[in-house]
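> A structural model of the following input is requested.
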Amino acid sequence: MPSFVKSVGILITTCSALMLAVSLAGFFLVDFLPIRADSVGESPFYHQTLHHGKLISLLFTVLSLSSLLTGLFIARCKNWARVLGRAIALVYLTYIWHQALFIAGGTGVDIARGLLGSIPLLLLIGYLGRKEVKNHFGF
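Predicted structure coming up:
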């Protein structure tokens, strides 16, 4: 169990580092998106990216940094990190479904993406909530 908990922490840290890189890239690259009146009217996702890209990137940068620190401290078996990890996974889960249903349009493909994105988050929430894992964290 201890080595698996450490592996989960390392996996969270690695994924968070990738998300941080993408968020920072998005923050700087959103200014280079072409503004075309015809595409803005057709795609709510493109419209959202054009008008709220910097804010979304900044929020995801903060969320990615939080996830990164959480992963590091889950690997060190800190109970507060276990609780924070579940909360952050719930925030990501909420965002994925908001994106799939309201921003991207709620088509079958969007719902499939939502389901695929939800699986690892639900597994993480469930794993960090298991009694054996809680006991390992000294809860």
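> and the spatially most central residue of the chain, what is it in contact with?
Residue closest to the average C-alpha location in the chain (C-alpha atoms, centre = their mean): Y92, at 4.2 Å. The contact partners of Y92, taken as C-beta atoms under 8 Å, 6 or more residues apart in numbering, are 63, 117, 121. Backbone N, C-alpha and C define where each C-beta goes, glycine included.
> State the three-state secondary structure for it.
Three-state assignment for Y92 (DSSP: H, G, I helix; E, B strand; the rest coil): helix.
> Check the gap between it and D110 for me.
With distances taken as C-beta to C-beta, to the nearest Å, Y92 is found 16 Å from D110.
> And the helices in the protein, which stretches?
Counting by DSSP state H, residue ranges of the helices within the chain are 2-29, 37-42, 44-75, 79-98, 108-129, 131-136.
> in the protein, which helix or strand is least confident?
Sorted by mean pLDDT, DSSP states H and E, the helices and strands of the chain end with helix 37-42, the least confident at a mean of 52.
> Neighbour count and pLDDT added to the contacts of Y92, as CSV?
Formatted as CSV, the contacts of Y92 follow (neighbours: other C-beta atoms under 10 Å; pLDDT from 0 to 100):
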residue, neighbour count, pLDDT
L63, 18, 92
G117, 17, 87
L121, 18, 93
